[in-house]
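A.B. asks: when you get a sec, could you give me coordinates for this:
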Amino acid sequence: MRSVPISSAGLVLAVTALHSGVVAAQGPGGPSSVEPSAIRAVPAETTIAALTDPNWQTPRTSWGDPSFEGVWSTDDMRGVGTSRNPRYGTRESLTPEEFAERAGRDEAGMDRAVNTETFLRNEWGIRTFGYTSLVVDPPDGRIPEMTEAGRARAGNRDRGTFGPGPFERFEDFTLYDRCITRGVMGSILPVIYGNGLRIAQTPDTFAISYEMIHDTRIVPLDGRPHVSDDIRQYMGNARGYWDGDTLVIETKNFTDETSIGANGNGTRHSERMTITERLTRVDPDMIEYIATVEDPVTYTAPFTVRLMITAQPDYQTYEYSCHEGNGAVGHSLSGERAYERQVEEAIAAGLPIPPRGGMNVYGPPEEGAEIFNINELE
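C.D. replies: Sure, this is the predicted structure:
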């Protein structure tokens, strides 16, 4: 696999954008109604201290390791699609015009969230990145095709309450629906809210607590071996070590009951999946996160995801009491029983069988929005 470090190539994009006068965001149908803030004026990756400040040094803990401690978020990555739109080809960066469109959408999304949405608001972050996709390897920026065995695992359960059912038992729902876990990748990929994470360190341990669904991963750094292959865990068994200033986390011993999509939705991977994560502090407010997924049972090739974990002003992570008030499973099961009664009544009355219900609870996508398919991470 090729290494995918940060690149100074993005600096050219920033300079081009500034000299071309691209300041007000241009949407697909013309100028956006909300101009991007100054912090969105250039791609955020071009402002990274490790690239722009020759005197910048990685912050250290009291015992000398690179410091990642604090509260972070992936809100800034919301505008970047997971798999790359084919129109970008093998380009990893947007053109100035494309970036301006995205910055305008991000700013408009934040304005809408702050000023018009209800208590269940979207979170948009404060920066806009110029990446064409989160997937950076293969070079086309797309999740590789699934194997025949991987495709055979697909089913309605992959979307849980967002899918068409039928809902007969608890196993017809995702672990996300059931407030159990979103898996390793599902916990880091940006979604509409709850993208916070808290990192704590000791000399021999690294801990990551995810805001949504409340998972905490404890990663030993003391060189101990992985547990026996007989032991399987939703979040796998993680072991970490330092490669210079980069923390490498190797995780294996997964179950085959989680998925790698946003919020842990999507076709489930196999027990043979391994994930290698690399975290590098590249700025006072940014951690570069690169994760390579290998699952030869499910995917025809490995793939690598890159995103930036960033600091947000005054961001706090609160208790995510998912089970309390979670009606997803109960309401879906009761709705299924109600539908069955409607079918029985229609048959008894000699009437056509009523269609199953179903709707997109988020409504139609906005023009030009980055869209992904839950099963294909697009």
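A.B. asks: buried set for stretch 267-285?
C.D. replies: Buried residues in stretch 267-285, counted by 16 or more other CB atoms under 10 Å: 267-270, 273-283, 285. For every residue, glycine as well, the C-beta is placed using N, CA and C.
A.B. asks: so which bits of stretch 194-209 are buried?
C.D. replies: Gly194, Asn195, Gly196, Leu197, Arg198, Ile199, Gln201, Phe206, Ile208, Ser209.
A.B. asks: farthest pair within those residues?
C.D. replies: By the measure CB to CB, Gly194 and Gln201 form the most distant pair in those, at 22.9 Å.
A.B. asks: the stretch 101-250 of the chain: helices as residue ranges?
C.D. replies: Counting by DSSP state H, counting those that start in this stretch, the stretch 101-250 of the chain has helices at residues 148-152, 183-188.
A.B. asks: quick check: mean pLDDT across the first one?
C.D. replies: Average pLDDT, helix 148-152: 94.
A.B. asks: ditto for stretch 234-254
C.D. replies: 98.
A.B. asks: could you pull out the helices for the stretch 251-378 of the chain?
C.D. replies: Under DSSP H, counting those that start in this stretch, the stretch 251-378 of the chain gives helices at 328-348.
A.B. asks: what ranges of it fall below the confidence cut-off?
C.D. replies: Residue ranges of the stretch 251-378 of the chain with pLDDT under 70: 357-378.
A.B. asks: residues contacting stretch 177-189, please?
C.D. replies: Applying CB atoms under 8 Å, 6 or more residues apart in numbering, the external contacts of stretch 177-189 come out as 74, 82, 134, 160-161, 170, 175-176, 197, 210, 212-213, 215, 217, 234-236, 251, 258-265, 275, 277, 289, 291, 293, 305, 307, 309, 322-323, 326, 328-329, 332.
A.B. asks: export it as CSV, just CAs?
C.D. replies: C-alpha atoms of stretch 177-189 as CSV (Å, rounded to 0.1, in the frame of the first residue of the first chain):
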residue,chain,number,x,y,z
ASP,A,177,-30.3,1.1,15.9
ARG,A,178,-29.9,-0.9,19.1
CYS,A,179,-27.4,1.5,20.7
ILE,A,180,-24.7,-1.1,21.0
THR,A,181,-21.9,0.2,18.7
ARG,A,182,-21.0,1.8,15.4
GLY,A,183,-17.7,-0.1,15.0
VAL,A,184,-14.3,1.5,14.5
MET,A,185,-14.8,3.1,11.1
GLY,A,186,-18.5,3.9,11.8
SER,A,187,-17.4,5.9,14.9
ILE,A,188,-14.9,8.1,13.1
LEU,A,189,-16.6,8.8,9.8
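A.B. asks: run the chain-centre distance for it.
C.D. replies: Averaging C-alpha positions (CA atoms, centre = their mean, to the nearest Å) puts stretch 177-189 10 Å from its chain's average.
A.B. asks: out of the helices of the stretch 101-250 of the chain, which gets nearest to Val42?
C.D. replies: helix 183-188 (24.9 Å).
A.B. asks: still on that earlier bit, which one of the buried residues of stretch 194-209 sits closest to Ala349?
C.D. replies: Among these, and counting by CB to CB, the member closest to Ala349 is Gly194, at 45.6 Å.
A.B. asks: find the nearest non-adjacent residue to that closest one, please.
C.D. replies: Setting aside the residues directly before and after it, Gly194 is nearest to Met212 in space (CB to CB, 6 or more residues apart in numbering), at 3.4 Å.
A.B. asks: what of His214?
C.D. replies: Among residues not flanking His214 along the chain, Tyr320 sits closest, at 4.9 Å (CB to CB, 6+ apart).
A.B. asks: next: Ala346.
C.D. replies: Spatial nearest neighbour of Ala346, excluding adjacent residues (CB to CB, 6+ apart): Ile353 at 5.4 Å.
A.B. asks: wait, the one you found touches Glu340, no?
C.D. replies: No: here Ile353 does not reach Glu340: they are 10.8 Å apart, not a contact under CB atoms under 8 Å.
A.B. asks: and the strands in this protein?
C.D. replies: Secondary structure of the chain (DSSP state E): strands located at 26-27, 30-31, 70-73, 135-137, 196-202, 205-210, 216-220, 237-243, 246-252, 274-283, 286-294, 303-310.
A.B. asks: quick one, which of these gets closest to Asn122.
C.D. replies: Across those, closest to Asn122 is strand 70-73 (CB to CB), at 13.0 Å.
A.B. asks: dump the strands of the chain into JSON lines; add distance to Arg60 as well.
C.D. replies: Formatted as JSON lines, the strands of the chain follow (distance: least, CB to CB, whole Å):
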{"stretch": "strand 26-27", "distance to Arg60": "43"}
{"stretch": "strand 30-31", "distance to Arg60": "45"}
{"stretch": "strand 70-73", "distance to Arg60": "14"}
{"stretch": "strand 135-137", "distance to Arg60": "28"}
{"stretch": "strand 196-202", "distance to Arg60": "11"}
{"stretch": "strand 205-210", "distance to Arg60": "15"}
{"stretch": "strand 216-220", "distance to Arg60": "19"}
{"stretch": "strand 237-243", "distance to Arg60": "12"}
{"stretch": "strand 246-252", "distance to Arg60": "13"}
{"stretch": "strand 274-283", "distance to Arg60": "10"}
{"stretch": "strand 286-294", "distance to Arg60": "15"}
{"stretch": "strand 303-310", "distance to Arg60": "18"}
